[in-house]
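Student: my questions concern the predicted model and sequence given below.
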Amino acid sequence: MLYKVTSPSRLDAALAAESGVSRAMAQKLIDSGACLVNGVPAKKSMRVEPGDVISAEIPEPESDGVPAEEIALDIVYEDDDLLVINKPKGMVVHPSPGHATGTLVSALLYHCGDSLSGIGGVKRPGIVHRIDKDTSGLLLVAKNDFAHISLSKQIAAHTAARVYHTIVLGDVAEGGTVDAPIARSRRDRKKQAVAEDGKPAVTHYEVLKRLGGITYLRCRLETGRTHQIRVHMAYTGHPVLGDGVYGSLSSPMNKKYRFTEGQALVAKEISFVHPRTGEQMRFEVPLPEYFLRIIGDNSEK
């Protein structure tokens, strides 16, 4: 396929942005010789400029034996190009060690059959972005590569808006912005942490309600790093309620709300431009019952 460069960058970054493949996959394609710039082989570190044409053969994903399973899906919207799914708390998005079945990917394979984008790879077909197992809420799924590339570009360019609602420990005085880079923790490789050499990460938050020892927040992601809200809130001294990874489950408020399983975090709103029609799309889901039990039914927004 041919991709026209729209902004100056390294070749691997440009290929990843234009094709929708991961940066690592782009580097592998370039190293293998499957990528040309203006008809000439190039290195992944090469600088490309607007107007340059990248030619790359993106391989079809091979089957990895991920099972298609008849699992009920809460489909908020669906057409020939994409789905918007309301993922329940506790469901893993894609297969991983210890979670080979019962995943969102397995449910999508049953629902969509072969009609899913292959860009995400064999274990995450159609998955444009992800949310944690114990985070519920809205997730975008691409049914074809055309939609996947467009939606991935919007997320990378921060034009696709993702808004989360969360409850954090402590009384947050006022809203603000956390601008702190995130990288994999050097102490625990299963965790993320704020680090000077991390990738840029920006979270905007506003106070919706203070509840005496906990605070109900609305968070808007400017970037989408792994565990970003959970890491950033813990960094401010207000870890997410029920988060035993970036906070302590032995804290008084976590003990008080012991019925909370996993972090109190919901991907509540999402908006983007439809890849094919150009229409501005916006979706919002109600807060789940467990969330309302904490903040009170009259706090729904």
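Tutor: Sure thing, it's come through.

Student: pLDDT below threshold where in the protein?
Tutor: 59-65, 96-99, 119-124, 258-261, 297-301 (pLDDT under 70).

Student: domain-wise, how is it divided?
Tutor: 2-56, 61-157, 162-267+294-299 (automatic domain parsing).

Student: which of these sits closest to residue 277?
Tutor: domain 61-157 (8.8 Å; CB to CB). In this view, the C-beta of every residue, glycine as well, is placed from N, C-alpha and C.

Student: among the domains of the chain, which is nearest residue 279?
Tutor: Taking these one by one with CB to CB, domain 61-157 is closest: 10.6 Å.

Student: would you mind measuring from the closest residue to residue 245 other than its chain neighbours to residue 231?
Tutor: Closest residue to residue 245 apart from its sequence neighbours, by CB to CB, 6 or more residues apart in numbering: residue 191 at 6.2 Å. Residue 191 sits 8 Å away from residue 231, taking CB to CB, to the nearest Å as the criterion.

Student: shared neighbours of these two, anything?
Tutor: Counting by CB atoms under 8 Å, 6 or more residues apart in numbering, the contacts common to residue 191 and residue 231 are residue 246.

Student: right, and the helix or strand after the longest helix seen in the chain?
Tutor: Looking across the chain with DSSP state H, the single longest helix is helix 145-156. As assigned by DSSP states H and E, the chain's next helix or strand after helix 145-156 is strand 161-169.

Student: helix, strand or coil for the spatially closest residue to residue 72 that is not a sequence neighbour?
Tutor: Spatial nearest neighbour of residue 72, excluding adjacent residues (CB to CB, 6+ apart): residue 107 at 7.7 Å. Classification of residue 107 by DSSP: H, G, I helix; E, B strand; the rest coil places it in helix.

Student: re the thing from before, show me the contacts for the residue nearest to residue 245.
Tutor: So residue 191 contacts 184, 185, 227, 245, 246 (CB under 8 Å, 6+ apart).

Student: 10 Å instead, please
Tutor: Residues in contact with residue 191 (CB atoms under 10 Å, 6 or more residues apart in numbering) are 184, 185, 226, 227, 230, 231, 245, 246.

Student: do the same with residue 74
Tutor: Counting by CB under 10 Å, 6+ apart, residue 74 has contacts 84, 85, 86, 87, 88, 136, 138, 285.

Student: go again with 6 Å.
Tutor: residue 86 (CB atoms under 6 Å, 6 or more residues apart in numbering).

Student: what does it show for phi and psi?
Tutor: Backbone torsions of residue 74, given as degrees, to the nearest 10, read phi -90, psi 90.

Student: for residue 245, same thing?
Tutor: According to degrees, to the nearest 10, residue 245 has phi -90, psi -50.

Student: how many residues are close by it?
Tutor: Other residues near residue 245 come to 19 when the count uses other CB atoms under 10 Å.

Student: so how far is residue 252 from it?
Tutor: 19 Å.

Student: likewise residue 208?
Tutor: For residue 208, the distance to residue 252 - CB to CB - is 22 Å.

Student: next: residue 197.
Tutor: 35 Å.

Student: same drill for these two, tell me which one is more crowded.
Tutor: residue 252 (9 against 6).

Student: list the contacts for residue 109?
Tutor: residue 68.

Student: just to revisit the earlier point, and for the longest helix of the chain, what's in contact with it?
Tutor: Outside helix 145-156, the residues that touch it by CB under 6 Å, 6+ apart are 20, 81, 82, 117, 119, 128, 129, 140, 142, 160, 272, 275.

Student: do the same with stretch 268-276
Tutor: 81, 137-138, 147, 150, 154, 160-163, 165, 280-284.

Student: how far does that stretch sit from its chain's centre?
Tutor: Distance, stretch centre to chain centre, for stretch 268-276: 13 Å (CA atoms, centre = their mean, to the nearest Å).
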